[in-house]
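> got a sequence here, can you build the structure:
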Amino acid sequence: MRRVFLLLPILLLLMASCELYYEEPVQRGTVRIVSIGITYENEPEEVADPDNKEKDQLRDLPGTVYDARELSKAFRQQVLNAGWDSEDIEVTLLLQEGTDHTQETFDDDLGYASRDHLENTLATIAGLAAEDDLTIITYSGHGIEETGELLMAHTQTTGTVDISEDSPIMVTPEWLHTRIKPIKGKKLLILDSCYSGLFIPESASSLSWVYDKGIDDWYGKYFSDEEYQIPSLVVLTASADSDSYEKKFDDHSHGVFTSALLEALGWNHTTLSIADGAPPSARNGLLSVDSLYKYIKKHQVYPVRWSIFTMDKPIQHPMVTGGAMDMLLFRY
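Model prediction:
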């Protein structure tokens, strides 16, 4: 009996240190990377109310296009490092940069970061994706305070930018999740925007604290008889129900969250490249969403919580989908 009691702490320690991963597909499928970056520099001139000096409703974000371009390159290189062939990788960039705001840009440029072009991109992927595929979607742009909606690039040449509830540039969590759900295979959604934690979905195993839930909801979920389901969509976000920030790194800006994510992937901000092999966030030759999340929390330039020594600094607390299962991305 004494031996049993002596073994219990060891067993508990082993159980607590276990990482649960998705099973790796038997065959490697296609990896699709969709990266969105919006500077909002082409906001139309204020003509509806000439006396209104608050023309810049959507503050320019100079780091977002750098976020999108470099994340797409970093993820693509990590897919190659993990042994995929280049023909099995598809990269789509949806960008808005500069001040061009002609109607042709909005309608004809399929790489323009409008909501319609995003919807068409996701619909195309849904029609092609198979169970062994991986789809990675990254977004760098504005998020609406308290509600979290993502703002895509506008599609009008004059007037004020409409960011009301039914705006054609607004992307709600329900809108985006509905269009991602039909995509087969594993899906990773990465958001660098304010209040992006509101995109963390509720699952059969967990509740996000960002949602308005009481203590009885937590107990009900914990003791629920509902069967645990492995989610096919994992969401990794820059912040909870708070702001996210940009900061200048070297000669250009990045989101604070995205800069740490790039470093987690092995991205060198000076050479704009990645070395061969496993990135610094990988553990035992495995790169997972959880390993990326832990690296970002430890290495981002802003703290994840206030302390007596950081009261004068902004905080930025990343979030990730809850539950017992981690999503394995690549083996090296």
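> so where's the stretch 51-200 of the chain uncertain?
For the stretch 51-200 of the chain, the stretches flagged by pLDDT under 70 are 51-57.
> tell me where it has strands.
Applying DSSP state E, counting those that start in this stretch to the stretch 51-200 of the chain gives strands spanning 89-96, 134-140, 150-151, 170-171, 186-192.
> how about the ones you listed in CSV, adding distance to R28?
Using the backbone N, CA and C atoms, a C-beta is placed for each residue, glycine as well. CSV is the format used below for the strands of the stretch 51-200 of the chain (distance: least, Cβ to Cβ, whole Å):
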stretch, distance to R28
strand 89-96, 11
strand 134-140, 9
strand 150-151, 31
strand 170-171, 31
strand 186-192, 12
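> can you redo those as a markdown table with mean neighbour count and distance to I230?
Formatted as a markdown table, the strands of the stretch 51-200 of the chain follow (neighbours: other Cβ atoms under 10 Å; distance: least, Cβ to Cβ, whole Å):
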| stretch | mean neighbour count | distance to I230 |
| --- | --- | --- |
| strand 89-96 | 19 | 25 |
| strand 134-140 | 26 | 15 |
| strand 150-151 | 26 | 26 |
| strand 170-171 | 20 | 26 |
| strand 186-192 | 26 | 10 |
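> ok, which of the ones you listed comes nearest Y293?
strand 186-192 (10.4 Å; Cβ to Cβ).
> what lies in contact with that closest one?
22, 64, 67, 71, 133-140, 143, 150, 176, 180, 199, 232-238, 244, 255, 257-258, 261, 289, 327, 329 (Cβ atoms under 8 Å, 6 or more residues apart in numbering).
> repeat that for 7 Å
With Cβ atoms under 7 Å, 6 or more residues apart in numbering as the contact definition, strand 186-192 has outside contacts at 22, 67, 134-140, 180, 199, 232-238, 244, 255, 257-258, 289, 327.
> and for stretch 279-287?
Against stretch 279-287 from outside (Cβ under 7 Å, 6+ apart): 78, 264-266, 278, 291-292, 295, 328-332.
> just the buried positions in it, please.
279, 281-282, 286-287 (16 or more other Cβ atoms under 10 Å).
> relative to G29, which of those residues is nearest.
L287 (16.7 Å).
> over to that closest one. Which of the three states is it?
strand (DSSP: H, G, I helix; E, B strand; the rest coil).
> and it, how far from H317?
Note on L287: its distance to H317, by Cβ to Cβ, to the nearest Å, is 22 Å.
> who touches the helix or strand where V235 lies?
Taking DSSP states H and E as the criterion, V235 maps to strand 233-237. Residues from elsewhere that reach strand 233-237 (Cβ under 7 Å, 6+ apart): 180, 187-191, 196-197, 199-201, 289, 292-293, 318-321, 327.
> how much space between the nearest residue to D326 once chain neighbours are set aside and G266?
In this structure, D326 finds its nearest non-sequential neighbour in D290, 4.1 Å apart by Cβ to Cβ, 6 or more residues apart in numbering. Distance of D290 to G266, computed by Cβ to Cβ: 17 Å.
> D166 - how many residues pack around it?
A count of nearby residues for D166, using other Cβ atoms under 10 Å, gives 6.
> what's the separation between it and I180?
In terms of Cβ to Cβ, D166 sits 21 Å off from I180.
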